[in-house]
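>>> quick one, what's the 3D model for this:
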Amino acid sequence: MEHTQYRQRKPDLAPEQYDQITAAAQILHQGGTVAFTTETIYSLGADVTNSAAINKIYTIKQRLINHQLTVHIRNISNLHYWAQAIPVSAWALPIHFLPGPLTFILQLSRHIPVSCPD
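Numbering: from 1, shown residues only. Below is the predicted model:
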């Protein structure tokens, strides 16, 4: 199910911010970690499809294996790629709350590697 009614807005950023985002994306692509802010906290990020990068997050944060990580997605229309068993309400809520922060607790898709610290 493709939900194209959720438009993505282009942020109004200064040129140096685009440079910082490009550098962070390159670090993530290479398996590194980056620090960033969300609406509520500072966070560490890594490529969820890279098991070694996820292990770095667990190691840096000294996080217990049973403490799940958050996956941030670019667009709600990509939710089927990242999650499975998505309830109908997951498609209804964004109409009322986006743009803006919205959290779902869902099961990752089977093709996303599940990683545990070594």
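
>>> which residues in this structure form helices?
Using DSSP state H, the helices of the chain run over 15-29, 51-61, 79-82, 89-97.

>>> need the pLDDT of Val71.
Note on Val71: pLDDT of 86.

>>> neighbours of it, how many?
13 (other CB atoms under 10 Å). Bear in mind the C-beta positions are built from the backbone N, C-alpha and C, glycine included.

>>> I'd like the helices of the chain as a markdown table, with mean neighbour count appended.
What follows is those, written out as a markdown table (neighbours: other CB atoms under 10 Å):
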| stretch | mean neighbour count |
| --- | --- |
| helix 15-29 | 12 |
| helix 51-61 | 16 |
| helix 79-82 | 16 |
| helix 89-97 | 13 |
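
>>> out of the ones you listed, flag the one nearest Thr38.
Among the helices of the chain, helix 15-29 comes nearest to Thr38, with 13.9 Å by CB to CB.

>>> pLDDT (mean, whole number) over that closest one?
Mean predicted confidence for helix 15-29 is 93.

>>> what helices or strands is that helix leaning on?
Identification of packing neighbours for helix 15-29 by 3 or more CB pairs under 8 Å, 6 or more residues apart in numbering; DSSP states H and E yields strand 34-37.

>>> I'd like the distance between the residue sitting furthest away from the middle of the chain and Leu64.
The centre of the chain is farthest from one residue, Pro15, which by CA atoms, centre = their mean lies 23.4 Å away. Computed as CB to CB, to the nearest Å, the Pro15 to Leu64 distance reads 41 Å.

>>> quick one, what contacts Leu102?
By CB atoms under 8 Å, 6 or more residues apart in numbering, the contact set of Leu102 is 76, 93-94.
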